[in-house]
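> Sequence and computational prediction follow.
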Amino acid sequence: MINTSTESIIRTTSFNQPSSKQKRLPVLLSILFGIIAGLFLIVVIILAILFGHEKNKTIRYSTTPVEIPVNDTNNLCLSPYCIKAANYFLESIDESVDPCENFYQFSCGNWIKNAKIPEDANSHNTFEIMQLEINNDIIDLLSSPISNETIKPNAIVNARRLFSSCINEEAIEEEGIDVILSFINTELGGWPILQGSTWDSSTFDLTNLLTKLGQYSVFTLYYVGTYPDEKNSSSYCIYMGQGSLGLSARSYYINETEITQAYRQYMKNIALALTNDTSIIDNDINDIFEFEKTISQYFWTPAEQYDQIQDRTNFSNLSSTMNTTFNFTDYLQRIYRFGNVSLIDTDIVTLTELAMLRNVSMIIDQQSSRTIQNYLIWRFMINMIESMPKKFRNIKQEFKKIYDGITSQKPRSIKCATFVTRNMGLAVSKLYIGKHFDKTAHKESTEMIQYIRNIFTDMINQSVWMDSISKNVAMEKIRVMSQRIGYPDGLDSDNITDFEKIYEEYNFNSSYIQNVFTIIRLAAKHKFQILREPINRKAWTHLNPTDVNANYRPWFNDITLTAAILRSPFFNKDAPKYLNYGGIGMVIGHEFTHGFDSIGRQFDKDGNRIPWWTNETINAFNEQKKCVIEQYNNYTVAQIDMKINGEQTQDENIADNGGLKEAFLAYEKWAQTNPNVDKKLPGLAKYSAEQMFFLNFGKIWCSKSKDQSEKNDLLINVHSPGEFRVIGSISNLVEFDRVFGCKPGQGNSRINKCLVW
């Protein structure tokens with residue numbers, strides 16, 4: 001994600017332990033003593049610099065009751081980790097800013113000033129830095145010669161084979177696109193834009209085309225998937241809703257802009273790279289775009305999807321529910337048959353955007369078969385371009401330069417590591433955790449989870465807007481909420497029988513494009529065949545252990561912390577607890593709170609979407625969240641002079657606010673139970689432990705983005721920009737005001753706090 005010119009910056013600003021790749025050289029005892037003496041001298045110099053930094057700064061913000069001398073080394077953490085951590089903060093903080101006025105600028109000012117957005121990215125932030133480190137580790141793990149893999153699990157052999165075929169650009173160039181074009185012509189009915197007037201419209205069959213595309217995980221008009229039944233989380237059901245647009249947001253199609261022009265040119269350049277017949281290309285491209293523009297107005301935005309009423313029917317009634325000329329019953333039957341499943345009348349179908357499905361079906365009735373065929377194959381081509389020779393990827397890059405400001409492609413090895421991980425996540429994770437995961441993270445994060453769970457339970461019990469009936473069921477829900485930490489149980493086991501079964505059909509060769517077809521077809525087949533399988537609540541879905549992320553699954557009432565996020569700066573076993581609670585602690589609280597946001601509060605403790613709060617409490621919750629929505633609606637991203645959508649981001653904002661409060665109170669509880677354990681960081685001894693908690697929270701969300709990236713995020717992202725994840729959350733916390741001595745209404749401190757949790 002970040003080019004090699006920024007690697008040193010990443011290693012300086014990240015304070016992970018040294019890489020296990022560093023080799024130990026055999027040395028004589030005398031040399032060892034010399035090294036130790038040298039290291040001691042270096043530490044002394046570093047401390048002298050840091051102490052000098054302390055003495056040259058006025059202590060304005062400390063609220064610690066007892067003053068600790070800044071040169072008292074007994075109260076300082078001088079481990080290698082703590083010295084790196086201190087440097088991490090000192091390079092970021094802008095102490096010319098009063099934290100009460102703008103805590104984000106205080107936490108991130110110097111980092112923002114010095115950070116460079118890589119040419120192959122549209123933003124630069126903690127998550128991307130961490131993910132790059134993970135991806136580089138994955139590249140090393142997947143680069144092991146296949147000839148040496150005879151004793152490895154077959155799944156890992158095939159993951160490495162897939163990676164090897166992906167990075168072999170010479171072979172990709174030699175193979176060209178004949179396989180793709182042959183597939184389009186023989187399986188999908190051809191691409192009219194390449195065939196001019198010779199394309200035969202009499203062969204057009206929309207149901208067959210959508211079915212074929214679905215077998216290769218392409219869902220453009222209508223999305224079909226298999227997920228736990230929201231009314232009965234112990235079984236699966238069918239979900240159908242809107243597909244996707246070529247441009248990410250509906251608003252892009254309203255007016256002709258530089259982006260829409262670049263999108264049209266993108267289509268044209270791909271077509272011109274494939275045919276010499278240019279006679280009707282422009283007409284076809286115009287028809288494709290106008291069709292997509294027409295259907296785009298019926299696509300729901302993320303804000304509109306909140307609190308939507310989902311329609312629920314059974315398979316026998318689907319036709320009458322849809323009331324369209326397009327035969328959705330036949331379509332679903334065909335696509336599930338690909339997974340060896342025959343649908344029956346009682347199968348449940350949940351329709352997530354029924355109005356969109358009906359309207360798009362009506363528009364299709366009014367379009368020529370040529371336009372629809374052209375459009376659907378164009379969208380298939382978009383999905384396949386990364387598997388094609390370089391000239392096609394370069395055409396895509398020209399579009400991305402306009403669309404999101406990315407001026408160069410990522411290294412092929414990074415792209416390939418990402419592709420293999422996305423498609424064989426557990427195989428890659430088995431390699432990763434065996435070499436890079438510190439298992440003490442599991443024990444310590446479990447302890448933190450319990451502290452935060454207890455605090456959240458108290459917060460629910462003390463809520464002034466919930467009635468006693470709703471409080472009791474809410475406290476029971478948080479009590480039984482389960483957690484998945486690091487990676488799935490058994491993934492680190494030497495018994496690989498179950499692991500091998502997951503990937504038993506994954507067999508790859510040296511042809512990358514053939515491997516891509518194989519893997520996307522297998523993924524689609526799995527999507528449909530699980531309809532008849534029992535629910536496995538322990539299965540990892542949506543996240544791989546190597547994703548720097550965490551989530552909450554409402555239908556299972558559980559949270560996930562990946563192995564990749566249990567690293568610095570979120571977590572380190574050697575870190576003072578104020579850093580861990582300000583990092584992964586806030587993430588834990590954030591995911592807990594998702595169980596009680598606008599969507600999560602609709603699911604009970606067993607993951608079923610049924611009413612389980614009283615109407616009075618639901619109405620009170622809706623009033624509380626209005627405050628949060630209005631608060632974030634009033635934030636403007638100055639870089640592009642564009643406001644945040646408080647409706648679209650409401651649940652993430654509620655989770656940020658609740659999660660930060662829970663983590664802070666949990667840290668205070670831990671510190672009361674474990675007094676005088678946490679030591680201060682050198683160069684930062686003037687800051688109390690509580691202030692350092694907030695500093696780590698603030699530093700984690702430091703971010704720098706290109707203008708177009710900011711705009712795209714504001715249009716489609718359900719998260720607020722990093723700046724407002726910080727300011728929005730701390731502005732509602734009286735605890736922050738107390739810790740930094742802020743007056744109500746001063747700077748980023750709100751007089752009227754928005755308190756949902």
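Yes, it's here.
> Please name the residues that touch the nearest residue to Phe399 once chain neighbours are set aside.
Nearest residue to Phe399 in three dimensions, chain neighbours excluded: Tyr266, at 4.0 Å (C-beta to C-beta, 6 or more residues apart in numbering). Glycine gets a C-beta too; all of them are placed from N, C-alpha and C. Counting by C-beta atoms under 8 Å, 6 or more residues apart in numbering, Tyr266 makes contact with Ile395, Lys396, Glu398, Phe399.
> how near is Tyr266 to Asn286?
Tyr266 sits 14 Å away from Asn286, going by C-beta to C-beta, to the nearest Å.
> for Ala663, same thing?
From Ala663 to Asn286 the distance is 53 Å (C-beta to C-beta).
> So for the two, which sits in the more crowded spot?
Set Ala663 next to Asn286 and count neighbours by other C-beta atoms under 10 Å: Ala663 wins out with 29 against 13.
> measure the more buried one to Thr226 for me?
35 Å.
> cool, and Gly490?
Note on Gly490: its distance to Thr226, by C-beta to C-beta, is 24 Å.
> So those two - more neighbours on which side?
Neighbour count, other C-beta under 10 Å: between Gly490 and Thr226, Thr226 has more, with 20 against 12.
> average model confidence for the helix or strand hosting the more buried one?
Using DSSP states H and E, Thr226 falls within strand 222-229. The average pLDDT within strand 222-229 is 96.
> ok, now stretch 415-433?
Stretch 415-433 comes out at a mean pLDDT of 97.
> Keeping just the C-alphas, turn it into PDB.
Only the C-alpha atoms of stretch 415-433 are listed here, as PDB (Å, rounded to 0.1, in the frame of the first residue of the first chain):
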ATOM      1  CA  LYS A 415      -1.500  -6.600  -5.100                       C
ATOM      2  CA  CYS A 416      -0.900 -10.300  -5.200                       C
ATOM      3  CA  ALA A 417      -0.500 -10.700  -1.500                       C
ATOM      4  CA  THR A 418      -3.800  -8.900  -1.100                       C
ATOM      5  CA  PHE A 419      -5.500 -11.100  -3.700                       C
ATOM      6  CA  VAL A 420      -4.400 -14.400  -2.100                       C
ATOM      7  CA  THR A 421      -5.300 -13.200   1.300                       C
ATOM      8  CA  ARG A 422      -8.800 -12.100   0.200                       C
ATOM      9  CA  ASN A 423      -9.400 -15.500  -1.300                       C
ATOM     10  CA  MET A 424      -7.500 -17.900   0.900                       C
ATOM     11  CA  GLY A 425      -7.500 -15.900   4.100                       C
ATOM     12  CA  LEU A 426      -7.200 -18.800   6.600                       C
ATOM     13  CA  ALA A 427      -4.300 -20.400   4.600                       C
ATOM     14  CA  VAL A 428      -2.400 -17.200   4.700                       C
ATOM     15  CA  SER A 429      -3.300 -16.600   8.300                       C
ATOM     16  CA  LYS A 430      -2.000 -20.100   9.300                       C
ATOM     17  CA  LEU A 431       1.400 -19.100   8.000                       C
ATOM     18  CA  TYR A 432       1.200 -15.600   9.500                       C
ATOM     19  CA  ILE A 433       0.300 -16.500  13.100                       C
END
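> Check which residues of it are buried.
Across stretch 415-433, burial judged by 16 or more other C-beta atoms under 10 Å covers 415-421, 423-433.
> Can you pull up the most central residue in the protein?
Nearest to the mean C-alpha position of the chain, by C-alpha atoms, centre = their mean, lies Asn549 at 5.9 Å.
> where along the stretch 151-300 of the chain do the helices fall?
Ranges of helices within the stretch 151-300 of the chain are 154-167, 169-175, 178-187, 192-195, 206-214, 258-272, 281-296, based on DSSP state H, counting those that start in this stretch.
> who wins for proximity to Ser731 among those?
Closest of these to Ser731 is helix 258-272, at 33.8 Å (criterion: C-beta to C-beta).
> Skip the chain neighbours and tell me the closest residue to Asp287.
Thr371 (4.5 Å).
> try Asn423
Using C-beta to C-beta, 6+ apart, the closest residue to Asn423 is Ile519 (4.9 Å).
> which strands and helices sit next to the strand or helix carrying that neighbour?
Element membership for Ile519, per DSSP H and E: helix 512-529. Packing contacts for helix 512-529, counted by 3 or more C-beta pairs under 8 Å, 6 or more residues apart in numbering; DSSP states H and E, involve helix 154-167, helix 169-175, helix 178-187, strand 222-229, helix 412-423.
> 10 Å - rerun?
In terms of contacts (3 or more C-beta pairs under 10 Å, 6 or more residues apart in numbering; DSSP states H and E), helix 512-529 is packed against helix 154-167, helix 169-175, helix 178-187, helix 206-214, strand 222-229, helix 328-337, helix 369-384, helix 412-423.
> Point out the most buried one among those.
helix 154-167 (a mean of 23; mean count of other C-beta atoms under 10 Å).
> re the thing from before, let me have the helices and strands packed on helix 512-529 in JSON lines, adding distance to Lys525 as columns.
Formatted as JSON lines, the helices and strands packed on helix 512-529 follow (distance: least, C-beta to C-beta, whole Å):
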{"stretch": "helix 154-167", "distance to Lys525": "17"}
{"stretch": "helix 169-175", "distance to Lys525": "24"}
{"stretch": "helix 178-187", "distance to Lys525": "16"}
{"stretch": "helix 206-214", "distance to Lys525": "10"}
{"stretch": "strand 222-229", "distance to Lys525": "11"}
{"stretch": "helix 328-337", "distance to Lys525": "10"}
{"stretch": "helix 369-384", "distance to Lys525": "17"}
{"stretch": "helix 412-423", "distance to Lys525": "13"}
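> mind checking which of these is nearest Tyr252?
Of all the helices and strands packed on helix 512-529, it is helix 369-384 that lies closest to Tyr252, at 15.0 Å by C-beta to C-beta.
> Going by contacts, tell me the helices and strands next to the closest one.
Taking 3+ C-beta pairs under 10 Å, 6+ apart as the contact cut, helix 369-384 packs with helix 178-187, helix 192-195, helix 206-214, helix 258-272, helix 281-296, helix 354-365, helix 390-403, helix 512-529.
> Can you tell me what sits against the second one?
Pointing back at helix 192-195 there. 181, 184-185, 198-201, 204, 267-268, 270-271, 274-277, 280-281, 283-285, 287-288, 368-375, 377-378, 381 (C-beta atoms under 10 Å, 6 or more residues apart in numbering).
> one more time with 7 Å, if that's ok
Trp199, Ala271, Leu274, Thr275, Ile281, Asp284, Arg370, Gln373, Asn374 (C-beta atoms under 7 Å, 6 or more residues apart in numbering).
> I'd like these as a markdown table, with distance to Ala474 and pLDDT appended.
Output for the contacts of helix 192-195, formatted as a markdown table (distance: C-beta to C-beta, whole Å; pLDDT from 0 to 100):
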| residue | distance to Ala474 | pLDDT |
| --- | --- | --- |
| Trp199 | 59 | 93 |
| Ala271 | 56 | 96 |
| Leu274 | 58 | 94 |
| Thr275 | 61 | 88 |
| Ile281 | 59 | 93 |
| Asp284 | 56 | 96 |
| Arg370 | 56 | 97 |
| Gln373 | 52 | 98 |
| Asn374 | 52 | 98 |
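> Nothing else from me, thank you.
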